[in-house]
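Visitor: Would you be able to build a 3D model of this:
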Amino acid sequence: MAKAFISSRTSINSTSFSMLGGDTVISGDISASADLHVDGSVNGDISCKALIQGEGSEITGAVRAESVRIAGLVRGSVSAREVVILKTARIEGDVSYDTLTIEQGARLEGRLSPNGGQMPPAIARLPASAPTSAPSSAPIEVIAEEDEEISAAAE
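Guide: Numbering: from 1, shown residues only. Next up is the predicted model:
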C-alpha cells in the first residue's frame, strides 16, 4: 500500500510559501497570496506576495510582487517594491521598483523605472509581508533616472 506524504512548508516567521520544483512546467497565470519559490518554468504572469526565482528557472510573463529575488531568466516585466537581481539573473523586460539591488554580473535588457511609492493594483491588495533576506555577496546598488533605458551586463 502506497502512502502519500504532504508537507506544509513555512519560513522562519511562519509565513507559508509554495514551491515549484525544477522539473515543473506551468502554462498559465499564477496568483498566490503567499510567497512563491520557482525553480521550474512558467509561461504566464505571476502575482504573489514575494517571489524567489532559482538559478535554472525561466519565467515568460509579467511578474508582480511586493518583493522579488531573481536568479534565472525572466522574459517580461518585473514590478515590485523591492527588487534584487542576482549575478546569475537575466531579465529581458522593464523593471519598476521602490528599491533595487543588482549584483555584478547580472544582465538586464530593458528600462528601470522607480515606482514612486505606487504599486500596481494587484500588489496593493496583497497583505504586507516580512522582509526577505539580503543576498550573500556584496551587491551593487543601482539608482536610475525614471524610464532610463538599460541594455548592458554588469561585469
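Visitor: and residue 61, how far is that from residue 18?
Guide: 17 Å (C-beta to C-beta, to the nearest Å). C-beta here means a position set from N, CA and C on the backbone, and glycine is covered the same way.
Visitor: Those two - which one has more neighbours?
Guide: Using other C-beta atoms under 10 Å, the more surrounded residue of residue 61 and residue 18 is residue 61, with 18 against 14.
Visitor: Tell me if I'm right that that one and residue 47 touch.
Guide: No - Residue 61 is beyond contact range of residue 47, at 10.1 Å (criterion: C-beta atoms under 8 Å).
Visitor: the helices in the chain, which residues?
Guide: 121-124 (DSSP state H).
Visitor: Where does the prediction get shaky in it?
Guide: Within the chain, the segments meeting pLDDT under 70 span 1-15, 116-155.
Visitor: hmm, back to that, what touches both of residue 61 and residue 47?
Guide: In terms of C-beta atoms under 8 Å, 6 or more residues apart in numbering, residue 61 and residue 47 are both contacted by the residues residue 29.
Visitor: Which strand residues bridge the residue nearest to residue 18 when sequence neighbours are not counted?
Guide: Spatial nearest neighbour of residue 18, chain neighbours left out: residue 36 (5.3 Å); criterion: C-beta to C-beta, 6 or more residues apart in numbering. Here residue 36 sits in beta bridges with residue 18, residue 51, as judged by DSSP bridges.
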